[in-house]
Structure formats: structure tokens, C-alpha cells
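Here is my input, please return the structure:
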Amino acid sequence: MGSLIKAFLTVFPAELPDKTMFATIVLVTRFRRPLWVWVGVVSAFVIHVVVAVAAGSLLGKLPDEVVSGVVLVLFAAGSAMLIRAARSAAEQEGVDVESEMPTIWKTVVGSFGVILVAEWGDLTQLATASLAARSGEPLYTAIGAWLALASVGAIAATFGRQLVAKVPIHRVNYVGAAVFAALAIWTAVDLIRSL
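Coordinates of the predicted model:
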């Protein structure tokens with residue numbers, strides 16, 4: 001159960017400033033069906049989490065020191081990527097909306113496709129793989145990561161436009177960077193202790 005909470009607390013702040021949040025906001029603006037955009041988005045997240053946890057479970061079969069080293073590098077790289085994103089954050093311009101309301105099917109499939117493509121090799125997918133490798137509890141890691149992704153998708157679908165207008169995205173990036181840096185430090189300490 002601890003792996004579920006750790007996955008949620010790691011993935012959630014990292015996903016907030018991510019391209020997926022912005023893509024979801026753009027999809028809601030385009031399709032004007034927030035619930036159905038969210039359904040498409042979270043369906044794509046299922047595939048990403050399964051792939052990440054499977055990769056992490058395979059990684060977890062390696063010696064502990066190797067796993068810790070890989071996890072340390074992934075979290076440190078994630079922190080650096082979020083800091084860089086925070087420094088270069090720019091406001092997203094609006095997208096023109098179509099004149100007629102798209103169908104529910106078009107909304108779900110379109111949202112699914114955009115997120116499926118956008119998320120491959122994403123920072124949170126790598127984090128999920130790392131967490132699965134470290135925890136040895138792939139199911140709880142998968143559930144925690146998916147709940148975090150689904151929560152961010154729900155926030156983006158429901159409040160995204162208002163959130164971006166009120167909270168500078170670079171601040172959200174810095175919070176995510178701090179979480180990843182803390183996890184990198186924690187992993188480094190564990191690695192040093194195990195040597």
C-alpha cells in the first residue's frame with residue numbers, strides 16, 4: 001500500500017506542469033466535452049502505466065545496486081528536466097474551436113490518441129518504471145501512478161484554463177523538480193548505505 005501512495009505523490013506533482021496537462025486543456029478547448037476528453041485521456045494512461053510497470057518490474061530483477069543507480073539517474077534527470085521547463089515556461093496560447101460540437105466518440109478517440117502519442121517515454125512514465133523497480137509491488141505502483149495521472153487529467157479537464165491563468169506554470173514545475181530531487185537524494189542515500 002505504501003507503494004501506491006509513493007507512486008501517487010511522485011507522479012502527481014511531476015505531471016501537473018507536464019505537456020499532458022496542457023494537451024488536455026487544449027483538447028477540452030477543442031472538443032468542448034470535458035468528461036469525454038478525460039475518459040479518452042485516462043484510457044491512454046492505462047496503457048502507459050502498464051508499459052512502465054512492466055519495464056520497471058524487469059528492471060527490478062537486476063541487482064539492487066544497479067536498480068538504485070538507474071533510479072537515481074532517472075530521478076535526477078527528471079528534476080533537471082523540470083527545472084529547465086520551469087525556466088523556459090511560457091503561457092500557452094488559445095486554440096480556435098470548431099464551429100460544431102464533435103461527437104462523443106470523436107472526442108474520446110481523439111483525446112486517447114493525442115495522449116497515447118504524447119506520453120511515450122515521458123518523465124512520469126520513467127518515474128513509474130523506476131518506482132515499480134524499487135518497490136517490487138507493481139500493482140500498487142500502477143494503481144498509484146494511474147490515480148495520479150487520472151487526477152491531473154481531471155484537474156486539467158475541469159479547471160485547466162482557470163488554473164493556468166492564476167498559477168504561473170513555472171512554480172508548478174519547480175514543485176515537481178523539488179519532489180524529483182528529493183527522491184534522487186533519498187535513492188542516493190539508500191545506494192550509499194547498501195554499499
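
contact partners of stretch 74-83?
With contacts defined as C-beta atoms under 8 Å, 6 or more residues apart in numbering, stretch 74-83 is touched by 14, 17, 123, 126-127, 129-130, 173-174, 176-178, 180-181, 183-184, 187. In short, each C-beta sits where N, CA and C put it, glycine included.

I misspoke; the intended subject was stretch 116-130.
Outside stretch 116-130, the residues that touch it by C-beta under 8 Å, 6+ apart are 7, 10-11, 14-15, 18-20, 23, 44-45, 47-49, 51-53, 55-56, 59, 70-71, 74-75, 78, 81-82, 141-142, 145, 148-149, 180.

Three-state assignment for residue 159, please.
When classified by DSSP: H, G, I helix; E, B strand; the rest coil, residue 159 comes out as helix.

Please pick the buried ones from the contacts of stretch 74-83.
14, 17, 123, 126-127, 129-130, 173-174, 176-177, 180-181, 183-184, 187 (16 or more other C-beta atoms under 10 Å).

Please identify which pair of those residues lies farthest apart.
The two members of the buried ones among the contacts of stretch 74-83 with the most space between them (C-beta to C-beta) are 129 and 174, at 23.8 Å.

and the lowest-mean-pLDDT helix or strand in the chain, how far out from the chain's middle?
Using mean pLDDT, DSSP states H and E, the weakest-scoring helix or strand in the chain turns out to be helix 64-87, at a mean of 73. Centroid separation for helix 64-87 versus its chain: 14 Å, with C-alpha atoms, centre = their mean, to the nearest Å.

so where do the helices sit in this protein?
Assigned by DSSP state H, the chain shows helices spanning 2-15, 19-31, 34-59, 64-87, 104-118, 123-135, 138-166, 169-194.

can you give me the angle the last one makes with helix 138-166?
It refers to helix 169-194. Counting by axes from the mean of the first three to the mean of the last three C-alpha atoms, to 10 degrees, helix 169-194 lies at 150 degrees to helix 138-166.

counting contacts, what elements does helix 169-194 pack onto?
helix 2-15, helix 64-87 (3 or more C-beta pairs under 8 Å, 6 or more residues apart in numbering; DSSP states H and E).
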